[in-house]
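Undergrad: Test case, fold it:
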Amino acid sequence: MINVLFVCLGNICRSPTAHGVFREYVRHSNLEDLIIIDSAGTGDWHIGKNPDKRATCAAKNKGYDLSDLRARQVTPEDFKNFDYILAMDQSNLKSLRRMSPPNFSGELKLFLDYHPDTSTKEVPDPYYGDDDGFVTMLTMIETASTELLSQIKNNYKLM
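TA: Reported below is the predicted structural model:
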């Protein structure tokens, strides 16, 4: 099994969107028995809540279902269970690095390290903006998800 965790601050906008998009890409590749996907936040204030309605709406408009996702916080166990822990921005990556045990052997990096536009490294947090921010976020996540899945397929010979 290959385990992928997407992480943002509250786990209600960016990381659940990445979770839903990547899950659909994995499903379309018939790899759902080999790749486990989850999402979490570094903060604890949204634990148990649904994704933001604007994120859910933007995702639904593109055919992604986030309705079964609930916010949770990153735990020390995540560093034992996940091969890829992918942060949406530098701030969350810093928090994850502080939490990471010295023996963590997986990939701990920015999600947009998988995006072909190397000038963009962070998925902007759309929470305080308008609906357009959620569409922009979703488009960035789709592009990075395509590349991430391609690299996982290559690394694990899953063609």
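
Undergrad: Give me the longest helix you can find in this structure.
TA: helix 131-155 (DSSP state H).

Undergrad: List the buried residues for it?
TA: If you call a residue buried by 16 or more other C-beta atoms under 10 Å, then helix 131-155 has these buried ones: 133-135, 137-138, 140-146, 148-149, 152-153. Bear in mind the C-beta positions are built from the backbone N, C-alpha and C, glycine included.

Undergrad: Name the nearest of those residues relative to residue 110.
TA: Nearest to residue 110 among these is residue 144, at 9.3 Å by C-beta to C-beta.

Undergrad: residues touching the closest one, list them.
TA: By C-beta atoms under 8 Å, 6 or more residues apart in numbering, residue 144 lies in contact with 18, 111-112, 114-115, 123.

Undergrad: Run through the helices of the protein in chain order.
TA: With DSSP H, the ranges of helices along the chain come out as 14-28, 53-61, 78-81, 90-99, 131-155.

Undergrad: Now the ones you listed in TSV, please, with extra columns for mean pLDDT.
TA: Below are the helices of the chain laid out as TSV (pLDDT from 0 to 100):
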stretch	mean pLDDT
helix 14-28	98
helix 53-61	98
helix 78-81	98
helix 90-99	98
helix 131-155	96
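
Undergrad: From the contacts of residue 144, pick the one nearest residue 9.
TA: For the contacts of residue 144, the residue nearest residue 9 by C-beta to C-beta is residue 123; the value is 11.0 Å.

Undergrad: looking at it, that closest one is touching residue 112, isn't it?
TA: Yes: using C-beta atoms under 8 Å, residue 123 is in contact with residue 112, at 6.1 Å.

Undergrad: More neighbours: which of these two?
TA: More neighbours surround residue 123 than the other of residue 123 and residue 112, with 28 against 22 (other C-beta atoms under 10 Å).

Undergrad: how far away is the closest residue to the more buried one other than its chain neighbours from residue 144?
TA: Leaving aside its chain neighbours, residue 123 sits nearest to residue 88 (4.3 Å; criterion: C-beta to C-beta, 6 or more residues apart in numbering). Using C-beta to C-beta, to the nearest Å, residue 88 is found at 10 Å from residue 144.
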